[in-house]
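Enquirer: Turn this into a structure:
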Amino acid sequence: MVRRVTAYRTDIPTDAVEPTRHPDAPAPGFVLPSHYASCFGCGPAQPHGLHMRIVVGTGCELTATFEVTADHQGAPGLAHGGLLASALDEILGMLGHLTRMSCVTARLETDFRRPVPVGTTLYLSSRADAVAGRKLYASGEGHLDASDGPVAVRARALFVQVGLEHFTKNGRSDEIAAISRDPSLITHIGDYTVGP
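Expert: A predicted model of the protein is given here:
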């Protein structure tokens, strides 16, 4: 029996509204700091991490570049698909800096369009598409070697807003204790904290 799916959780519901850029959001051109030093996507403490440089755009949009190295390969000479999904998850999740919603990924749908060779620079973009209550709907894509280069990967995502207790209750106690001792491990932008 074939199971037919008529709707996806990343489909924007009819009661959703256009996202609003928070008045205290970082200005266009601002390079977002790593939200957590040990984050695989943006943290400087990860030697084989993605080390993404994420830049604030206009409205509720972000851009980033990601240098694909031999540490990121799956098949010989090609980026691992799960790693590409991680890069998109990172830039999509950072949209919370613009909407002031501390969110976690609830669903990520990724379409792989072209192989991404080692040595490639992937130009990523993300945008907040809609908000419905605690839900943030977003989409993004990655282009090969230029911001207008061929599309290699696309994604749609659903994020759910959570409080700081989500991280303190579910995170590893050693990591939470380290942050308590050294709060500089997480980033504060204005009065808004993106959780560890």
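Enquirer: okay, CA-based contacts and neighbour counts for the rest of this
Expert: Noted.
Enquirer: distance of the most centrally placed residue in the chain from Ala16?
Expert: Centroid check for the chain by CA atoms, centre = their mean gives Glu90 as the closest residue, at 2.3 Å. Distance, Glu90 to Ala16, using CA to CA, to the nearest Å: 23 Å.
Enquirer: What of Thr65?
Expert: Distance, Thr65 to Ala16, using CA to CA: 30 Å.
Enquirer: Looking at these two, which has the bigger crowd around it?
Expert: Set Thr65 next to Ala16 and count neighbours by other CA atoms under 10 Å: Thr65 wins out with 23 against 15.
Enquirer: Run through who's touching stretch 70-84.
Expert: Under the contact criterion CA atoms under 8 Å, 6 or more residues apart in numbering, stretch 70-84 has outside partners His48, Val68, Phe112, Pro115, Val116, Pro117, Val118, Gly119, Val153.
Enquirer: Touching, the fifth one and Asp145? I think so.
Expert: So the one you mean is Val116. No: Val116 lies out of contact with Asp145 (CA atoms under 8 Å); the separation is 9.8 Å.
Enquirer: When these two are compared, which one has more neighbours?
Expert: Neighbour count, other CA under 10 Å: between Val116 and Asp145, Val116 has more, with 24 against 18.
Enquirer: what sits against that one?
Expert: By CA under 8 Å, 6+ apart, the contact list for Val116 reads Leu78, Ala79, Leu144, Ala152.
Enquirer: dump the residue contacts of Ser126.
Expert: Going by CA under 8 Å, 6+ apart, Ser126 touches Glu61, Leu62, Thr63, Leu88, Ile91, Leu92, Leu95, Ala138, Ser139, Gly140, Glu141.
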